[in-house]
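Student: got a sequence here, can you model it:
(one chain, ligands or ions: 2)
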Amino acid sequence: MTFQQAYGYEPTVRYSAPGRVNLIGEHTDYNDGYVLPFAIDRRTTASIAPRPDRLLRVSSAFDAGTVLELSLDDLDPSNMTGWSAYVFGIAWALREQAGADLSDKTGFDVFIESDVPVGAGLSSSAAIECGVALAFNDLWELGLDRKTLARVGQYSENHAVGAPTGIMDQSASLLGEQDAVVFLDCRTLDTAVVDLALEANGLEVLVIDTRVEHAHATGGYAARRASCEKGAQVLGVEALRDVSVDDLPRAQELLDDETFRRVRHVVTEDQRVLDTVRTLREQGPRAIGSLLVASHESMRDDFEISVPELDLAVATAVEHGAVGARMTGGGFGGAAIALVDQESRGAIADAVAAAFAAAGYREPNVFTVHAAQGARRD
Ligand code: ADP
Ligand code: MG
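Tutor: Numbering: from 1, shown residues only. Ligands and ions are numbered 1, 2, ... in the order given. Have a look, this model is predicted:
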């Protein structure tokens with residue numbers, strides 16, 4: 001399925017945006033803390049042609065044969081169904097969130113295709129949002145910067161799609177650079193691009209998608225957020241970002257054991273993100289392995305969001321020579337990442353597959369990702 005097959009003529013422009021992997025900094029975003037994602041070399045492409053009227057039409061290789069349409073005069077989340085909200089919602093959010101005047105604009109035909117795996121924790125959703133946001137911003141000559149477009153993407157995902165996510169994914173997809181990570185302060189929204197320099201060090205990142213989708217992901221996420229809020233309230237701070245590692249002994253006295261362990265994960269994870277940034281700048285990527293492993297142990301033991309498949313993936317990768325490994329994403333399933341020497345990639349992937357088979361787990365999907373450039377016109 002192509003643009004030509006959907007609409008019967010050729011597109012005039014193509015924009016693309018990547019998915020992302022979070023190197024470190026899990027469940028820190030909604031605690032006003034720090035995250036360190038990078039854009040990956042898996043992208044979503046939006047092929048586009050302007051229309052003379054006020055209509056937006058969308059079609060996707062993902063849902064071949066369907067063309068959905070919405071007039072720019074009817075932009076409202078209640079008029080958006082299914083995946084089309086990821087495209088229409090951007091036009092709506094450009095108006096609602098960024099104040100763009102769309103009253104004199106004309107519409108587009110849009111065709112989406114993607115090699116970002118859907119639902120594997122690599123943010124296919126941000127990839128589609130960010131490619132479309134950059135395209136509409138350019139083609140409508142709105143002049144918005146990339147940080148504003150990231151907020152537009154998040155606003156659309158929160159209010160048009162209805163998923164309560166932070167701004168990490170859109171920041172990575174829009175601000176990512178080749179072989180670099182995006183250091184994001186979720187309170188101030190300040191960002192800095194930090195060299196990852198994997199290639200120069202003979203390293204790469206393996207994604208180990210366990211293909212486990214835990215039934216308790218939504219409830220577990222809500223419960224963790226509630227624990228964090230409770231911890232911040234008892235400790236008298238606005239967010240757990242305001243608690244330092246040195247405050248933990250006092251926190252232990254004030255909090256029940258479970259809440260304390262949730263707090264300890266967030267507080268130490270924020271510190272690990274800062275330490276990872278400093279280590280990357282001063283010593284390079286080979287030195288971050290123990291931070292990745294400590295992050296995993298904290299999620300496994302304190303935040304309790306890992307599953308046996310993720311623990312096995314991490315343990316096996318490390319046993320077979322990975323520099324470091326950790327689960328990535330919200331937890332209760334999904335993927336782990338392993339930082340590995342290029343030449344040991346095959347052996348580690350094989351060892352993980354063998355360990356999964358021996359444990360009777362479903363075969364994992366293991367593949368390499370590289371830190372890639374953010375959204376762009378192709
Ligand atoms: P993730 O972002 O982790 O991949 P999400 O549930 O946030 O998972 O987003 C996946 C959803 O995004 C899909 O169910 C679909 O609605 C939409 N989506 C992603 N890629 C495409 C695509 N190529 N075409 C149409 N919709 C897509
Ligand atoms: Mg998503």
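
Student: dump the residue contacts of the spatially closest residue to Ala239 that is not a sequence neighbour.
Tutor: Counting by Cβ to Cβ, 6 or more residues apart in numbering, Asp32 is the residue found nearest to Ala239 once chain neighbours are left out, at 3.7 Å. No exception for glycine: its C-beta is placed from N, CA and C like everyone else's. Counting by Cβ atoms under 8 Å, 6 or more residues apart in numbering, Asp32 makes contact with Cys186, Arg187, Glu238, Ala239, Leu240, Arg241, Asp242.

Student: against Trp140, how distant is Asp32?
Tutor: For Asp32, the distance to Trp140 (Cβ to Cβ, to the nearest Å) stands at 33 Å.

Student: just Ser306 next, same as before
Tutor: 44 Å.

Student: swap in Arg95?
Tutor: From Arg95 to Trp140 the distance is 10 Å (Cβ to Cβ).

Student: hey, what's in contact with both of the two?
Tutor: Overlap of the contact sets of Arg95 and Trp140 (by Cβ under 8 Å, 6+ apart) consists of Leu102.

Student: spatially nearest residue to Phe356 (excluding sequence neighbours)?
Tutor: Nearest residue to Phe356 in three dimensions, chain neighbours excluded: Pro364, at 5.5 Å (Cβ to Cβ, 6+ apart).

Student: residues contacting that neighbour?
Tutor: By Cβ under 8 Å, 6+ apart, the contact list for Pro364 reads Ile208, Asp209, Thr210, Arg211, Glu309, Ala313, Val352, Ala353, Phe356.

Student: recalculate using a threshold of 7 Å.
Tutor: Applying Cβ atoms under 7 Å, 6 or more residues apart in numbering, one finds that Pro364 lies in contact with Ile208, Asp209, Thr210, Arg211, Ala313, Val352, Ala353, Phe356.

Student: do Ala126 as well
Tutor: Arg20, Gly153, Asp169, Gln170, Ser173.

Student: how about 10 Å then?
Tutor: Counting by Cβ atoms under 10 Å, 6 or more residues apart in numbering, Ala126 makes contact with 17-20, 37, 39, 44, 86, 116, 133, 150, 153-154, 157, 165, 167-174, 375.

Student: now do Glu177
Tutor: Neighbours of Glu177 in contact, by Cβ under 10 Å, 6+ apart: Phe38, Ala39, Val193, Val194, Asp195, Leu196, Ala371, Ala372, Gln373, Gly374.

Student: pLDDT wise, what is the third one at?
Tutor: To tie it back to what came earlier, the one meant is Val193. Val193 carries a pLDDT score of 97 in this model.

Student: what's the burial count for it?
Tutor: Residues lying near Val193 (other Cβ atoms under 10 Å) number 14.

Student: so what does the strand or helix carrying it touch, helix or strand wise?
Tutor: Element membership for Val193 (DSSP states H and E) is strand 191-195. Applying 3 or more Cβ pairs under 10 Å, 6 or more residues apart in numbering; DSSP states H and E, one finds that strand 191-195 makes contact with helix 146-155, helix 168-175, strand 180-185, helix 257-282.

Student: next, format these as CSV and append mean neighbour count and mean pLDDT.
Tutor: Formatted as CSV, those follow (neighbours: other Cβ atoms under 10 Å; pLDDT from 0 to 100):
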stretch, mean neighbour count, mean pLDDT
helix 146-155, 24, 97
helix 168-175, 29, 97
strand 180-185, 24, 98
helix 257-282, 20, 98
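
Student: want to try TSV for these, with distance to Ala91 as columns?
Tutor: Conversion of those to TSV gives the following (distance: least, Cβ to Cβ, whole Å):
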stretch	distance to Ala91
helix 146-155	10
helix 168-175	16
strand 180-185	25
helix 257-282	34
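
Student: for ligand 2, find the nearest of the ones you listed.
Tutor: Checking the helices and strands packed on strand 191-195 against ligand 2 by Cβ to the ion gives helix 168-175 as the closest, at 6.2 Å.

Student: ok, and does that closest one reach over to ligand 1?
Tutor: No - for helix 168-175 and ligand 1, the contact criterion (Cβ under 6 Å from any ligand atom) is not met; the two come no nearer than 7.0 Å.

Student: who does that helix touch, helix- and strand-wise?
Tutor: Using 3+ Cβ pairs under 10 Å, 6+ apart: helix 168-175 touches strand 13-22, strand 34-35, strand 37-50, helix 124-139, helix 146-155, strand 180-185, strand 191-195.

Student: just name the most buried of those.
Tutor: Comparing the helices and strands packed on helix 168-175 on average neighbours per residue, with mean count of other Cβ atoms under 10 Å, the densest one is helix 124-139 at a mean of 28.

Student: that helix close to ligand 1?
Tutor: Yes - under the criterion of Cβ under 6 Å from any ligand atom, helix 124-139 makes contact with ligand 1 via Ser124, Ser125, Ile128.

Student: more neighbours: Ser306 and Trp140, which one.
Tutor: Between Ser306 and Trp140, Ser306 has the larger neighbour count (other Cβ under 10 Å), namely 22 against 19.

Student: which pLDDT value does the model give that one?
Tutor: Looking at Ser306, its pLDDT reads 96.

Student: what does Thr2 give?
Tutor: pLDDT recorded at Thr2 is 94.

Student: residue numbers of this protein in contact with ligand 2?
Tutor: Contact residues (Cβ under 5 Å from the ion) of the chain with ligand 2: Ser123, Ser125.

Student: would you mark the buried spots in the one helix or strand Thr368 maps to?
Tutor: Thr368 belongs to strand 365-369 when assigned by DSSP H and E. Applying a neighbour-count criterion of 16 or more other Cβ atoms under 10 Å, the buried positions in strand 365-369 are Val366, Phe367, Val369.
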